[in-house]
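**Q** sharing a sequence plus its predicted fold:
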Amino acid sequence: MEQLLVGKVFAWCHGGRAKTGEISFEAGGKTGVQAPLWKLPRWRVTGDLEVTLESHSGRNAHRLYFNSALTGFYCNQGAQRGYVEGRGFTSPDMAGAPTSAPYPVDDLQSADSPQEPQSPQSSVQQQQWSQQQQQQQQQQDAESQEEIRRSRMLQVDPMGKVTINEDAASAKDADQSPEEVAQMLDKIHRRIMSKRMGQDVEE
């Protein structure tokens, strides 16, 4: 990542949208353009798609979270953003810059306090958050597949009459009792009818 960023100039958008300045990533961990004037003369890679700008003493740290294409970033300090120049982009959104950090992070210390190294606990929190996101996505996918499967068990004719697709029901629910299948299909039927009538039906 460091080699890919060296020599690149990025527009800095203090409000997250319009360009208000420029920064560059130079070799040897040095920054250029206006970053040194902002007391951010150093940069270093501190994580996956993550760069930290800081002073010589490690203060005034700003974490930048890049998208996978390295064309835009989100800064944890006041939701500032930026985009790479020379590629035709005119805004962070156009460059696909993130709008938030990819995982929960602790607030950085103020510019008056030295920056502490990242603790192992912080890495564990990142992993836990990532696992929770994956589990939530898997659950949502499973619920979507279940909804599709159930909907295929009902047939609606042009007159709005709902009937049960016996082949689909018997094939997909062989492990369920007839009573369970009937209850499930009755719920689906009531849900469909409630949507037609603009009413909510309790499960």
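**A** Thanks, I have the structure now.
**Q** what's in contact with the strand or helix carrying residue 53?
**A** Assigned by DSSP states H and E, residue 53 belongs to strand 50-54. For strand 50-54, the surrounding residues in contact (C-beta atoms under 8 Å, 6 or more residues apart in numbering) are 1, 5, 23, 25, 31, 35, 40, 42-46, 60-66, 73, 115. Quick note: C-beta positions are derived from backbone N, CA and C, even for glycine.
**Q** in ChimeraX, how would I select the buried members of the residues you listed?
**A** To isolate the buried ones among the contacts of strand 50-54 in ChimeraX, judged by 16 or more other C-beta atoms under 10 Å, type:
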select :5,23,25,31,35,40,42,43,60,61,62,63,64,65,66,73,115
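**Q** so which of the contacts of strand 50-54 sit within helices?
**A** residue 5 (DSSP state H).
**Q** could you check the pLDDT of residue 187?
**A** Reported pLDDT at residue 187 in the predicted model: 73.
**Q** that one: how many residues sit nearby?
**A** Counted by other C-beta atoms under 10 Å, the residues lying close to residue 187 total 13.
**Q** now residue 63, nearest residue through space, not along the chain?
**A** residue 76 (4.6 Å; C-beta to C-beta, 6 or more residues apart in numbering).
**Q** ok, how many other residues are close to the one you found?
**A** So residue 76, with other C-beta under 10 Å, has 19 neighbours.
**Q** residue 69 contacts residue 97, correct?
**A** No: assessed by C-beta atoms under 8 Å, residue 69 is found out of contact with residue 97, at 10.0 Å.
**Q** and those two? Which one has more around it.
**A** residue 97 (26 against 11).
**Q** doesn't residue 24 make contact with residue 12?
**A** No: under the criterion of C-beta under 8 Å, residue 12 is not in contact with residue 24, lying 10.4 Å apart.
**Q** please, where are all the helices along this structure?
**A** Using DSSP H, helices in the chain cover 2-5, 120-151, 166-172, 178-197.
**Q** worst mean pLDDT among the ones you listed?
**A** helix 166-172 (a mean of 53).
**Q** how is the chain divided into domains?
**A** As assigned by automatic domain parsing, the chain contains the domains 2-102, 116-143, 152-197.
**Q** now do the end-to-end distance for the longest one.
**A** Think domain 2-102. 19 Å (C-alpha to C-alpha, to the nearest Å).
**Q** dihedrals phi and psi, the residue nearest to residue 63?
**A** Phi and psi for residue 76, reported as degrees, to the nearest 10, are phi -70, psi -20.
**Q** begin at 32 from now on, thanks
**A** New numbering, starting at 32: the last item is residue 107.
**Q** is it true that it touches residue 93?
**A** Yes: contact criterion C-beta under 8 Å: residue 107 and residue 93 qualify, at 7.0 Å.
**Q** okay, residue 129 and residue 214: tell me how far apart.
**A** 45 Å (C-beta to C-beta, to the nearest Å).
**Q** so the two - more neighbours on which side?
**A** Counted by other C-beta under 10 Å, residue 129 and residue 214 do not tie: residue 129 has more neighbours, with 18 against 12.
**Q** so the nearest residue to the more buried one once chain neighbours are set aside bridges to which residues?
**A** Setting aside the residues directly before and after it, residue 129 is nearest to residue 105 in space (C-beta to C-beta, 6+ apart), at 4.0 Å. Beta bridges link residue 105 to residue 96, residue 112, judged by DSSP bridges.
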